[in-house]
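K.L.:
everything below, folded, please.
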Amino acid sequence: MLLNLEQEQDIIRIPNLNYDFGDKFTVSVRPERIKIKAVPEEGDVWLQCRIKEKIYSGFVIKTIATTRNGKEIVVNEPIEQRSGFGAKEDIFVTWKPEHSIVIKA
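P.N.:
Take a look at the predicted model:
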């Protein structure tokens, strides 16, 4: 199923949802389940984003990425698994469908 985010500028695909087109949802994913990639893998849920900033906090790097419509997504990466992307780079924010919590609005 495709889910349109605000202003219909971003669309994400989460398989096996049984709702009608046009239904409104809230999608939640824990920040440590989100990955940053150059290209999404088969089966990933993804959004195309741009890295806004990276914050180094001990053993975790908090990356703030923005969608095309300006919404922010926070990704927590363990320092040993950090992506090599820097600020203002275009990336894909991805997660596995089973990590999605979808609540009908």
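K.L.:
C-alpha only now, for contacts and for neighbours.
P.N.:
Will do.
K.L.:
what about the closest residue to Val39 other than its chain neighbours, which helix or strand?
P.N.:
Among residues not flanking Val39 along the chain, Phe92 sits closest, at 6.3 Å (C-alpha to C-alpha, 6 or more residues apart in numbering). Applying DSSP states H and E as the criterion places Phe92 in strand 90-95.
K.L.:
I'd like to know the average pLDDT value across that strand.
P.N.:
What strand 90-95 shows for mean pLDDT is 90.
K.L.:
by contact count, what packs against the helix or strand that it is followed by?
P.N.:
Reading on from strand 90-95 to the C-terminus, the next helix or strand found by DSSP H and E is strand 101-104. When contacts are defined as 3 or more C-alpha pairs under 8 Å, 6 or more residues apart in numbering; DSSP states H and E, strand 101-104 packs onto strand 25-28.
K.L.:
helices or strands up against the strand it packs on?
P.N.:
Against strand 25-28 (3+ C-alpha pairs under 8 Å, 6+ apart) you get strand 101-104.
K.L.:
strand partners of the strand it packs on, parallel vs antiparallel please.
P.N.:
strand 25-28 (antiparallel) (DSSP bridges).
K.L.:
next SSE after the strand it pairs with?
P.N.:
By DSSP H and E, the next helix or strand past strand 25-28 is strand 35-37.
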